[in-house]
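Visitor: Fold the following and give me the result.
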Amino acid sequence: MITGAFLAMFKQKGRNLDYTVLAISVTTFVLTLLAVYSGEPGVDLIYVTDLLCMKLRVDDVGRLFAILTSFMWVMAIMFSFEYMDHEGHKTRFYSFMLLCLGVSVGLPLSGNIFTMYMFYEMLTVLSMPLVIHSYSKEAINAGKRYLMFSFFGASLVLTGFLFLNYFGTTLDFTAGGVLDMVKVSQNPTLVLVLFVLMFIGFSVKAGMFPLHAWLPTAHPIAPAPASALLSGVITKAGVVAIIRVTFYLFGAEFISGTWAHTGLLVLTLVSVFLGSMLAYKEQHFKRRLAYSSVSQLSYILFGIIILSTNGLTGALMHVIAHSAIKVTLFFVAGVMIFKAEIHHVDEVTGLGKSMPITMWCYSLVSLGLIGIPPTTGYVSKWFLAQGSLGLANQIIAYGGAIVLLISALLTAGYLIPIFTEAFFPGKDFDYSSVKKLEPGMTTLIPMLVLTAITVLVGMFPGPVLGFISNVTKILF
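Guide: Residues are numbered from 1 along each chain as shown. Below is the predicted model:
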């Protein structure tokens, strides 16, 4: 964050600027690894009052999200080298990228709700300039909508935060929850309402229906590296916040079987189906990917609110899968834009002949998003389906499994035709018009690395599942 704030003073230009920012992001990734595996449980940063203190704490949930975030930022920075040459204003762009990186790493390592809320609000403010980077009228409107939805969600969260001061024994995140059941027994309905408000408030960042409308406006207008991080990483701020609220503040035992539990299960499934359907109908490529994020992020939220080992395992695995896949897909969209000036899905005919490596990356990660083995998406969706079928409410149990299946079919419907049309344009296609449009290595390397992760983690999921089991053992 310090280097981001003072980046303009470095006086670097061109590739020197690119390599400087890459070095900073790699250093942040290394320091993050050292910090989360140092054995030091945490640190108290600032005491605002005797009650409110900004704290950083390390646990397996924070470790997973912090490492994932800092790694994805390295990939996005490297991809930005060539892409941002044609977008311009690199110093400003990199400055806010580094500021957002610092906040995005700090958020999952927050030790209490106060610290997480502060980071959450900072992330909204600091990521907005990435959305409005071009300063076009459309970008400004998208930025306004992003702020409006985010601040509305944050206001819901703040309401729950203030009441937790009374109903909770502490503001620190504690596995199993912090509720004082004596006080809760006075008005359990109010406490459930507070949980729903905080869940929905944080789900704005994750794009859950009905507060999803900022995604299809903000993601398409932002530069591709920013779109990739908005969809694949920054939205995970809402996910980790919901995990903290559900399992570390209110507790699964208090929520399970209540009207709030049932209502949020239904709402997340509606989002899964709605996002897939809207993506299937959308012809603008980046907007299609944005609607896809509504659906895929709701998979994760559904897995969380299942409140079971299988459900949370599937959710955390899908956090990894969705991040790698969706970042790659937005990278591919960026390459299409600045190399072939393609914005719509009906313009990709024969593109696999012009940029074969890029389109192979697209094809493999698309199979992962659909959930076809042996990709990461298959593993995550298997556990999500198992979690759904394990629900006590049989209607939601089987209904959830059916919605997940329908969504997978719709996902296939809006992703597969793109690479089939790109690689198999038909006998009438003019092959003499094919031009090599493959981007440079600094653009290809991030896509290849993330594509490899999508496949290899799906083929050998044991180490990741073992790590995730450390989380579920504590919570269930």
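
Visitor: Now for residue 52, how many residues are close by?
Guide: Burial of residue 52 is recorded as 15 neighbouring residues (other CB atoms under 10 Å). Every residue, glycine included, has its C-beta placed from N, CA and C.

Visitor: Quick check: phi and psi on the closest residue in space to it that isn't next to it in sequence?
Guide: Closest residue in space to residue 52, ignoring its immediate chain neighbours: residue 114 at 5.0 Å, by CB to CB, 6 or more residues apart in numbering. Its backbone dihedrals place residue 114 at phi -60, psi -50, with angles given as degrees, to the nearest 10.

Visitor: What about residue 114, how many residues nearby?
Guide: So residue 114, with other CB under 10 Å, has 20 neighbours.

Visitor: Can you list phi and psi of residue 47 for me?
Guide: Dihedral pair for residue 47: phi -90, psi 110, per degrees, to the nearest 10.

Visitor: Show the contacting residues for it.
Guide: For residue 47, the set of contacting residues under the criterion of CB atoms under 8 Å, 6 or more residues apart in numbering consists of residue 53.

Visitor: Which strand residues bridge it?
Guide: The residues paired with residue 47 through beta bridges, assigned by DSSP bridges, are residue 53.

Visitor: follow-up on the earlier one: which ones are touching the residue nearest to residue 52?
Guide: Residue 114 sits in contact with 48, 52-54, 161, 171, where contact means CB under 8 Å, 6+ apart.

Visitor: Tell me the one among those nearest to residue 123.
Guide: Proximity to residue 123 was ranked across the contacts of residue 114 by CB to CB; first place goes to residue 54, at 14.8 Å.

Visitor: isn't that closest one right next to residue 117, touching?
Guide: No. Residue 54 is beyond contact range of residue 117, at 10.2 Å (criterion: CB atoms under 8 Å).

Visitor: count of neighbours near residue 65?
Guide: Residue 65 has 25 neighbours, counted by other CB under 10 Å.

Visitor: from the chain's centre, how far out does the helix or strand harbouring it sit?
Guide: Here residue 65, judged by DSSP states H and E, is contained in helix 60-87. Between the centre of helix 60-87 and the centre of its chain there are 12 Å (CA atoms, centre = their mean, to the nearest Å).

Visitor: for it, which positions count as buried?
Guide: Counting neighbours by 16 or more other CB atoms under 10 Å, one finds that the buried residues in helix 60-87 are 60-84, 87.

Visitor: just stretch 42-61 next, same as before
Guide: Of all the residues in stretch 42-61, those buried under the rule 16+ other CB under 10 Å are 53-61.

Visitor: do the same with stretch 249-258
Guide: Of all the residues in stretch 249-258, those buried under the rule 16+ other CB under 10 Å are 249-252, 254-255, 258.

Visitor: and if you look at stretch 154-162?
Guide: The neighbour-count criterion (16+ other CB under 10 Å) identifies 154, 156-158, 160-161 as the buried residues of stretch 154-162.

Visitor: Tell me which residues are up against it.
Guide: 113-114, 117, 120-121, 124, 194-195, 197-198, 200-202, 204, 241, 245.

Visitor: avg pLDDT for that stretch?
Guide: Along stretch 154-162, the predicted confidence averages to a pLDDT of 88.

Visitor: Packing partners of the strand or helix carrying residue 198?
Guide: For residue 198, the host element (DSSP H and E) is helix 188-206. Using 3 or more CB pairs under 8 Å, 6 or more residues apart in numbering; DSSP states H and E as the contact test, the elements touching helix 188-206 are helix 113-131, helix 137-167, helix 236-243, helix 252-255, helix 259-281, helix 285-305.

Visitor: Tabulate these (CSV), appending distance to residue 416.
Guide: What follows is those, written out as CSV (distance: least, CB to CB, whole Å):
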stretch, distance to residue 416
helix 113-131, 30
helix 137-167, 29
helix 236-243, 26
helix 252-255, 37
helix 259-281, 11
helix 285-305, 13
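
Visitor: where among those helices is the average confidence lowest?
Guide: For the helices and strands packed on helix 188-206, where the average pLDDT is lowest is helix 137-167, sitting at a mean of 86.

Visitor: how much does that one deviate in direction from helix 113-131?
Guide: The directions of helix 137-167 and helix 113-131 differ by 180 degrees, with axes from the mean of the first three to the mean of the last three CA atoms, to 10 degrees as the criterion.

Visitor: which helices and strands sit right next to the helix or strand just after helix 137-167?
Guide: Next in sequence after helix 137-167, counting helices and strands by DSSP H and E, comes helix 181-184. Contacting helix 181-184 under the criterion 3+ CB pairs under 8 Å, 6+ apart are the following elements: helix 137-167.

Visitor: list the buried ones in the helix it packs on?
Guide: Residues of helix 137-167 classed as buried under the neighbour-count rule (16+ other CB under 10 Å) are 139, 142-143, 145-147, 149-150, 153-154, 156-158, 160-161, 163-164, 167.

Visitor: and the angle for that helix with helix 188-206?
Guide: Going by the same axes, to 10 degrees, helix 137-167 makes 150 degrees with helix 188-206.

Visitor: ok, and for stretch 396-413, which residues are buried?
Guide: 396-397, 399-401, 403-404, 407-408, 410-412.

Visitor: Closest to residue 446 out of those residues?
Guide: Here the nearest of the buried residues of stretch 396-413 to residue 446, counting by CB to CB, is residue 411; it sits at 22.8 Å.

Visitor: residues contacting the closest residue to residue 407 other than its chain neighbours?
Guide: Closest residue to residue 407 in three dimensions, ignoring its sequence neighbours and counting by CB to CB, 6+ apart: residue 276, at 4.3 Å. By CB under 8 Å, 6+ apart, the residues touching residue 276 are 291-292, 295, 406-407, 410-411, 414.

Visitor: among those residues, which two are most distant?
Guide: Greatest spacing in the contacts of residue 276, by CB to CB: 291 and 406 (15.3 Å).

Visitor: neighbouring contacts of stretch 383-396?
Guide: Defining contact as CB under 8 Å, 6+ apart, one finds that stretch 383-396 is touched by 257, 262, 265-266, 269, 299, 302-303, 306, 308-315, 317-318, 397-398, 400-401, 404.

Visitor: which residues touch residue 60?
Guide: Contacts for residue 60 were tallied using CB under 8 Å, 6+ apart; they are 467, 470-471, 474.

Visitor: Out of these, which sit inside helices?
Guide: Applying DSSP state H to the contacts of residue 60, the entries found in helices are 467, 470-471, 474.

Visitor: Kindly export the helix-or-strand element of the chain with minimal mean pLDDT (C-alpha atoms) in CSV.
Guide: Every helix and strand in the chain was compared by mean pLDDT, DSSP states H and E; the lowest is helix 215-221, with a mean of 78. Once side chains and other backbone atoms are set aside, the C-alpha atoms of helix 215-221 remain, and they are given as CSV (Å, rounded to 0.1, in the frame of the first residue of the first chain):
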residue,chain,number,x,y,z
LEU,A,215,-21.2,-6.6,-12.0
PRO,A,216,-22.5,-6.5,-15.6
THR,A,217,-21.8,-2.8,-15.8
ALA,A,218,-18.5,-2.6,-13.9
HIS,A,219,-16.7,-5.7,-15.2
PRO,A,220,-17.0,-5.0,-18.9
ILE,A,221,-15.9,-1.4,-18.7
